[in-house]
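Peer 1: coords please:
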Amino acid sequence: MRGISAPYIYVCTRMRVRKAKLLPREEYMRMLNMSISEITRIIGETEYKQEIDELGTTFRGIDLIEVALSWNLAKEYQKIQKITPGNLKQFTQSYLRRWDIQNILTILRGKMHGERAGKIKEILVPAGSLD
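Peer 2: Okay, here's the model as predicted:
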């Protein structure tokens, strides 16, 4: 890795560690034959446990899984942003702005369906620049 600075090597190493924590393909194949509650239980035994536990009082079923995965993803993005140096940080910030668009669309859809502001806020993903 000649010519690559130490901060970039550090970020790449951290990303490899995070990648190793992802669910393996076989787990997805097993989930195809599970009920929603079984999938929730399996996910709750992984890196997503904190989110499943936190959100389990507010959400159920597919909504719980979707919001928990989104929140975990946002948390990972925030961690990556903290360790990313220089130009790479600007690049990742640009990439994460897509979540701003997603959150704006979520707000608009929620308002269109008459949802409470608090309910809409619960499902926003704090990963873009507007979080």
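Peer 1: need the helices for this structure, in chain order.
Peer 2: Along the chain, the stretches classed as helices by DSSP state H are 6-20, 25-31, 36-43, 49-55, 61-83, 86-96, 98-112, 117-123.
Peer 1: From Trp71, how far off is Asn33?
Peer 2: As judged by Cβ to Cβ, to the nearest Å, Asn33 and Trp71 stand 26 Å apart. The C-beta positions use only the backbone N, C-alpha and C, and glycine is treated the same way.
Peer 1: More neighbours: the two, which one.
Peer 2: In terms of neighbours (other Cβ atoms under 10 Å), Trp71 is the more surrounded of Asn33 and Trp71; the figures are 22 against 7.
Peer 1: Let me see the contact set for that one.
Peer 2: By Cβ atoms under 8 Å, 6 or more residues apart in numbering, the residues touching Trp71 are 51, 54-55, 125-126.
Peer 1: will you turn the helices of the chain into a markdown table that also has mean pLDDT?
Peer 2: A markdown table is the format used below for the helices of the chain (pLDDT from 0 to 100):
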| stretch | mean pLDDT |
| --- | --- |
| helix 6-20 | 79 |
| helix 25-31 | 91 |
| helix 36-43 | 94 |
| helix 49-55 | 95 |
| helix 61-83 | 88 |
| helix 86-96 | 83 |
| helix 98-112 | 92 |
| helix 117-123 | 87 |
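Peer 1: quick one: Met31 and Ile42, what's the gap?
Peer 2: 7 Å.
Peer 1: can you check Ala6 too?
Peer 2: Per Cβ to Cβ, Ala6 is found 38 Å from Ile42.
Peer 1: Those two: who's more crowded?
Peer 2: The neighbour comparison of Ala6 against Ile42 (other Cβ under 10 Å) goes to Ile42, with 15 against 9.
Peer 1: Would you confirm that the more buried one contacts Glu27?
Peer 2: Yes: here Ile42 reaches Glu27: they are 7.2 Å apart, a contact under Cβ atoms under 8 Å.
Peer 1: quick one: contacts for Glu66?
Peer 2: Counting by Cβ under 8 Å, 6+ apart, Glu66 makes contact with nothing.
Peer 1: Correction: the previous question concerned Arg116.
Peer 2: Taking Cβ under 8 Å, 6+ apart, we find Arg116 in contact with no residue.
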